[in-house]
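In: test case, fold it:
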Amino acid sequence: MSEPLVSVVTPCLNAGRFLERTIHSVFSQDYPRLEYIVMDGGSSDRTLEILGKYGARLKYISAPDAGVADAINRGFLQSRGSIFAWLSADDLYLPGAVRKAVERLAADPGAGAVYGGAAWIDEQDGVLGRYPTRAPFQAEFLQQECVICQPACFLRRETFERAGLLNPRLEFCFDYDLWIRVSRFARFAAVDDLLAMSRMHRSNITLRQRREAFEETIGLLRRHYGYIPLQWIYCYLSFLRDRRDQFFEPLRPSKAVFWSSFWTGSYYNRRRLGRYWREWFSNLASGQSGRSARALSPRRVAAR
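Out: Down below sits the predicted model:
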């Protein structure tokens, strides 16, 4: 039986300084049946010059879009693969990533998606640390944080379609939103190996617009679960206090912020007060008030 076609979509806008490394990571895969589509939002840098060098090896469309999620959705509709993934224009696949994902899905026909490990890298591809994925997957993990690194995830086409594609109204956490929706009807299988590198840099949209990213994710958790965990409240209030990005500029623990999180969290979780108070007092009793709730690891979304 022939290998399934895998479609990879890269959304980009003025990402010329990273794009060629991303393309190379796709074309250096040892998997024979790859369809690669780049959705450019109308770049004014070297992006189109770079894409033109690859001729028929990839398909690209350059036109205005309504954001990253919209570009990915449009790319998916252009694709034909039975397995689908997207790779941001500054992220990288590691050697063998596509083959390992395909093999894992073939070995587990009941799984709707597969994900592997990932690491954060800097602008020069230096490793900054491991992304905090968790495996084996449990849907309950998503109530606390995003435990799947987006570039290390591959979905069956029917899974992505049934989920309704990405929500184009979301700018920062559309991947997190997708994992939550998929988890309600499909199972994620895990691969032990590292599959991808997720690039962190100060022009990253999640770090550049930190307040908006926090607020969008808090709204996402409220819609899906009706509850905002203490760690999100604490980290959000910490950012409002000192404007540190909590990645390159680590969170500074504060007793004052921890006590403020009681009142702010009680407001956000006014319909789940008992649950929030139990979580808050549990942290107080364990001595976390002087350090923080467990620090939230910033998640990557496509740099635009």
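In: in stretch 191-206, which residues are buried?
Out: 191, 194-201, 204-206 (16 or more other C-beta atoms under 10 Å). (Glycine included, C-beta is placed from N, CA and C.)
In: quick one: end-to-end length of stretch 134-145, please.
Out: End-to-end distance for stretch 134-145, by C-alpha to C-alpha, to the nearest Å: 10 Å.
In: any low-confidence regions in the protein?
Out: The chain contains residues with pLDDT under 70 at 1, 287-304.
In: circling back to that earlier point, report the two of the buried residues of stretch 191-206 separated the most.
Out: 191 and 205 (27.4 Å; C-beta to C-beta).
In: who are the contact partners of residue 260?
Out: residue 237 (C-beta atoms under 8 Å, 6 or more residues apart in numbering).
In: in the chain, which spans are strands?
Out: 6-12, 34-40, 59-62, 83-86, 92-93, 113-121, 127-130, 153-156, 188-199 (DSSP state E).
In: make TSV from those strands and add distance to residue 256 to it.
Out: Below are these laid out as TSV (distance: least, C-beta to C-beta, whole Å):
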stretch	distance to residue 256
strand 6-12	40
strand 34-40	45
strand 59-62	49
strand 83-86	41
strand 92-93	41
strand 113-121	30
strand 127-130	28
strand 153-156	38
strand 188-199	33
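In: how far away is the closest residue to residue 252 other than its chain neighbours from residue 47?
Out: Distances taken as C-beta to C-beta, 6 or more residues apart in numbering place residue 242 nearest to residue 252, at 6.2 Å, with adjacent residues excluded. Remark: distance between residue 242 and residue 47 (C-beta to C-beta, to the nearest Å) = 35 Å.
In: looking at those two, which is more packed in?
Out: A direct count of neighbours by other C-beta atoms under 10 Å for residue 242 and residue 47 places residue 47 higher, at 24 against 12.
In: that one touches residue 18, doesn't it?
Out: No - in this structure, residue 47 is not within contact of residue 18 by C-beta atoms under 8 Å, at 10.1 Å.
In: tell me who's in contact with residue 97.
Out: Residues near residue 97 by C-beta under 8 Å, 6+ apart: 29, 116, 152, 195-196.
In: can you tell me which residue is spatially central in the protein?
Out: The chain has residue 150 as the residue nearest its centroid, 3.9 Å off, counting by C-alpha atoms, centre = their mean.
In: what's the separation between it and residue 133?
Out: 11 Å.
In: for the buried residues of stretch 191-206, which one is nearest residue 247?
Out: Taking C-beta to C-beta as the measure, residue 247 lies nearest residue 200 of these, at 6.1 Å.
In: what is the burial count for residue 216?
Out: 19.
In: how far away is it from residue 206?
Out: As judged by C-beta to C-beta, residue 216 and residue 206 stand 10 Å apart.
In: ok, now residue 5?
Out: 31 Å.
In: again, but for residue 48
Out: 26 Å.
In: can you pull out the helices in the stretch 151-300 of the chain?
Out: Using DSSP state H, counting those that start in this stretch, the helices of the stretch 151-300 of the chain run over residues 157-163, 174-183, 205-208, 210-225, 230-242, 255-268, 273-285.
In: please apply the same query to the stretch 1-150 of the chain.
Out: With DSSP H, counting those that start in this stretch, the ranges of helices along the stretch 1-150 of the chain come out as 16-27, 47-52, 68-78, 97-107.
In: out of the ones you listed, nearest to residue 283?
Out: Using C-beta to C-beta, the nearest of those to residue 283 is helix 68-78, at 34.0 Å.
In: quick one, domains of the protein?
Out: Using automatic domain parsing, the domain parsing of the chain gives 6-199, 205-290.
In: just how off-centre is the first one within its chain?
Out: Its chain's average C-alpha position is 9 Å from that of domain 6-199, according to C-alpha atoms, centre = their mean, to the nearest Å.
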